[in-house]
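Asker: fold the stuff below for me.
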Amino acid sequence: MRDCWAVVVAAGRGLRMGLPYNKAFYVFRGRSVLNRSLDAMTGSGCFDGIVVVLAEGDLDAWRQLCAREGENPLVREIAIGGATRQESVRNGLEKVPESVGIVAVHDAARAFVTRDVIVKTVESARQYGSGVIAEKLVDTVKVIDADGYAIRTPERARLRTVQTPQAFLRENLAKAHELARLDGFAATDDAALVEKYIGPVRLVESEDSARNVKLTRAEDVRRMTMEFSRETRAGHGYDAHRLTEGRALILLGVRIPFEKGLLGHSDADVAAHAAMDALLGAAGLPDIGRQFPDSDPAYAGADSMRLVGQVADLLEANGHRILNIDVTIIAQAPKLMPHIPAMRENLARALGIQENRVNVKATTTEGMGFEGRGEGISAHAVAMIEAGGYR
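Answerer: I've put the predicted structure just below:
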C-alpha cells in the first residue's frame, strides 16, 4: 500500500503537570517527551514521514530542542495547532501528502508507546481500514444522572478505553474531519469522528498498552519514573542433601519412586531450596537459612513448595516481579527425565508465573563426586527478576 505517515500532536500545555510550558518539552531522563514519542514512531519502522503539530508559540522551543537533542530524520512538516485538539489534528492532516495511504495520529504526551502498539495499529489499518489501540477495563463503570446517582451499569466485557496511536486510511480520516468541521461536531478523539462519518472502527490490543501512559498530571511522571527505575537482576541458588534410606525423595514437589530419599529438616527438596535461594539472592533478601531456619520446629518436615510460594509472595510484597527461573538437578540416580514436566508445572504454579518462564533440567556427573557415588543430590538455580524501587 501507499506510504504511511504519522501526525504527532504536541500543541498542548502543561498546566495539569504544574508546568509553565508545553509538557511535550518536559525532559524525562535526558530526553524530551516529544522526542521520546518521535523516537518511538521512527523506531517502529512503520512510517515514511511525520508531521509534528505545535502551538505557534512553541516554534522557538522546537528549534532549540532540535539543536539540543538532534533532528528526527522522519519529520517532514511542522503544522500549527488550533484552539482544540481536533483542529490541531486537522491542521496536521493538511500537511500529509494526498498520495499517503495510512495516517496514524499520536499524542506526543504518550511518550512511552512501544513498537508492538504502533505496529498493531498500523497493520490493522492496512488490513481493515482502521486500527485503534484499546485496553480492557478492570473497573466496573456506572452511568450517572444529573444528581450523581448511578442509573445503569454497562457490561464491562464490551467496554474498552482507547489510546493513541489511532491509524486510518488517510482519505477516510480527512473526510471525517472535514465533515465534522462543516457540522460543528466535536469529539474527544479521531476514532469518534470516523465512527460517526465513515463507519465502525477496529480496536486492537497489546500487552504493552498498560505502559502507554499519557503524561497529564505530575502523578503520571512519578509513575513512569518508578517504571523506568526498575532493573533486571539475577540470583543464583545452590543446595545439596544426603541420600538415605527411610526417606521419601521429593524434588520440586514431585514424589520420585526410589529406594532412598533426601535427609533434611524439611522435606529436603534440594531443587526447591536452590530455586528459593536464587530468587532471594536476586532480590537482595536473606537466604532460606534465615527465612526458614532449621532450628525452628515449625519447618520440621515442611512442604518446600509451600515455602516457594511464600518466597514468591515476599518478592511481590517488595515490588519485584519474577521473570524466569532455571533449575538444574544433579543426580546419578534415579532417572528424572519422566518427572520433569510435573516439576515445571509445580514450580510455575508455586511462583505464580507462566510455565514457559520455568525450566528444569537433570544431569549426572558420570560417576564423579558425591552425586556420582549416589551419596546425595544437589541442585543449582538461576533466577531473573525485575526489581522495583531501585533508583
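
Asker: give me the most central residue, this structure.
Answerer: residue 208 (4.8 Å; Cα atoms, centre = their mean).

Asker: all helices of the chain, in order?
Answerer: 33-43, 59-69, 85-93, 115-128, 170-183, 190-197, 218-229, 270-283, 288-291, 304-317, 340-351, 369-372 (DSSP state H).

Asker: average pLDDT across the fifth one?
Answerer: What that stands for is helix 170-183. Helix 170-183 comes out with an average pLDDT of 98.

Asker: give the buried residues for it.
Answerer: The neighbour-count check on helix 170-183 (16 or more other Cβ atoms under 10 Å) flags 170, 172, 173, 174, 175, 176, 177, 180 as buried. Where C-beta positions appear, they are placed from N, C-alpha and C, glycine not excepted.

Asker: looking at those residues, which is nearest residue 202?
Answerer: For these, the minimum distance to residue 202 (Cβ to Cβ) is 12.1 Å, reached by residue 172.

Asker: tell me the spatial nearest neighbour of that closest one, not counting adjacent residues.
Answerer: residue 198 (4.8 Å; Cβ to Cβ, 6 or more residues apart in numbering).

Asker: okay, residue 384 and residue 322: tell me how far apart.
Answerer: Using Cβ to Cβ, to the nearest Å, residue 384 is found at 8 Å from residue 322.

Asker: neighbour count: those two, which is higher?
Answerer: Each of residue 384 and residue 322 has its neighbours counted (other Cβ atoms under 10 Å); residue 322 has more, 21 against 18.

Asker: give me the beta-bridge partners of the more buried one?
Answerer: residue 385 (DSSP bridges).

Asker: let the chain start at 55 from now.
Answerer: All right, first residue 55 from here; so that's residue 376.

Asker: so what's it scoring on pLDDT?
Answerer: pLDDT, residue 376: 94.

Asker: residues in contact with it?
Answerer: By Cβ atoms under 8 Å, 6 or more residues apart in numbering, the contact list for residue 376 reads 333, 366, 369, 405, 406, 407, 411, 437, 438, 439.

Asker: how about residue 306?
Answerer: Contacts of residue 306 (Cβ under 8 Å, 6+ apart): 323, 325, 326, 329, 359, 381, 396, 397, 398, 400, 401, 414.

Asker: got it, and residue 313?
Answerer: Residue 313 touches residue 299, counting by Cβ under 8 Å, 6+ apart.

Asker: what distance do you get for it to residue 64?
Answerer: According to Cβ to Cβ, residue 313 and residue 64 sit 72 Å apart.

Asker: same deal with residue 123?
Answerer: From residue 123 over to residue 64 (counting by Cβ to Cβ), the distance is 14 Å.

Asker: which of those two has more neighbours?
Answerer: Per other Cβ under 10 Å, whichever of residue 123 and residue 64 has more neighbours is residue 64, with 27 against 17.
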